[in-house]
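S.K.: The sequence and its predicted three-dimensional model are supplied below.
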There are 2 protein chains.
Amino acid sequence: MEVLENLTYDELNVGDSATYSRTLTEEELILFAAVSGDVNPIHIDAKFASQSIFKERVAHGMWSGALISAALATVMPGPGTIYLEQSLKFKAPVKLQDVLSVTLTVAEKLPRGRVVFDCKVTNQAGDVVVEGSSKVIAPAEKQVLDRPSLPRIIIGSPDEE
Amino acid sequence: MEVLENLTYDELNVGDSATYSRTLTEEELILFAAVSGDVNPIHIDAKFASQSIFKERVAHGMWSGALISAALATVMPGPGTIYLEQSLKFKAPVKLQDVLSVTLTVAEKLPRGRVVFDCKVTNQAGDVVVEGSSKVIAPAEKQVLDRPSLPRIIIGSPDEE
């Protein structure tokens, strides 16, 4: 079984980095619209989006934010991390089939377990789509957990309600 | 049919505010885990979470971020908004059945359509769970759109994979 293993405060060094990747599919657009309530047609209506400045559907900007938070929670530092702060600058649109890579780099270790990470999200062309900074309390103790599996999610056809 | 109607840059005044509310259900926890890849058991495994410092499952912090982005995209300023920046401070955990209210307040109008909003997310007890600031390009032109409806999403039982 796959595991989630954290990096403790003591194991993190300034300059250490880790990456986490996801591809934007139609499913992500629908699920993010559902879970946030952001049904703006630029994200979910292909015809509407084709007439917009983006010419096609684009990801919710905060989906990239969600990927950064997932990288912190599951990769570095991983389980046991307490999320304190996040800043985000949205630099470029994310389109269907774009493969995003989140790179987290330890920027600063502060007292009382606090760690600051630089965050950069790039697409498959190397363009930076989001950049920012995270502040967390890194875990004090090692944890190795079974990676939970999610229930199956089925998305109906758009005309079925 | 319900509509999404925006507020243009010219219609926004410093001090104007709007709210947007959502309730945290088990469905949100599963969908946010699926769409971000953040399967940390603190969010989705009731037994694991009961032994954590939170004593029960808690929302992904960035779900509150997603609600802020949804408020910007659908309520104020609404359709046509370009998201530039977001800062978030996570102040308190969000638990199942918590009803979150995002309040956006126009803090500053800048040249070239830029608007800064103060963001506050509170729960039903009035506790601030997240606060931050957003910077957007507000729409120059009025838009009134039909609110798109989403396809049905079905979540399988946890042991079915």
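M.R.: Received it, and whenever you're ready, just let me know what you need.
S.K.: Break down chain A into its strands, ranges please.
M.R.: A:3-5, A:17-23, A:82-90, A:99-109, A:114-122, A:128-137, A:144-146, A:153-155 (DSSP state E).
S.K.: May I see these organised as TSV, with distance to chain B added?
M.R.: Placement of C-beta: from N, CA and C, glycine included. Output for the strands of chain A, formatted as TSV (distance: least, CB to the nearest CB, whole Å):
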stretch	distance to chain B
strand A:3-5	7
strand A:17-23	6
strand A:82-90	4
strand A:99-109	10
strand A:114-122	12
strand A:128-137	8
strand A:144-146	6
strand A:153-155	4
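S.K.: Please report phi then psi for A:G15.
M.R.: Dihedral pair for A:G15: phi 100, psi -20, per degrees, to the nearest 10.
S.K.: List the contacts of it.
M.R.: By CB atoms under 8 Å, 6 or more residues apart in numbering or on different chains, the residues touching A:G15 are A:105-106.
S.K.: So it versus A:P93, what's the distance?
M.R.: Distance from A:G15 to A:P93, counting by CB to CB, to the nearest Å: 31 Å.
S.K.: Over to A:K142?
M.R.: According to CB to CB, A:K142 and A:P93 sit 40 Å apart.
S.K.: what about the two, which has more around it?
M.R.: Neighbours were counted for A:K142 and for A:P93 using other CB atoms under 10 Å in any protein chain shown; A:P93 has more, 19 against 14.
S.K.: And the nearest residue to the more buried one once chain neighbours are set aside, how far from chain B?
M.R.: Nearest residue to A:P93 in three dimensions, chain neighbours excluded: A:V58, at 4.3 Å (CB to CB, 6 or more residues apart in numbering or on different chains). Counting by CB to the nearest CB, to the nearest Å, the gap from A:V58 to chain B is 10 Å.
S.K.: A:V58 contacts A:I42, doesn't it?
M.R.: Yes: taking contacts as CB atoms under 8 Å, A:V58 lies within contact range of A:I42: 6.2 Å.
S.K.: Find residues that contact each of these two.
M.R.: In contact with both A:V58 and A:I42: A:A49, using CB under 8 Å, 6+ apart.
S.K.: returning to what we had before: show me what the residue nearest to A:P93 is bridged to.
M.R.: Per DSSP bridges, the residues bridged to A:V58 are A:K95.
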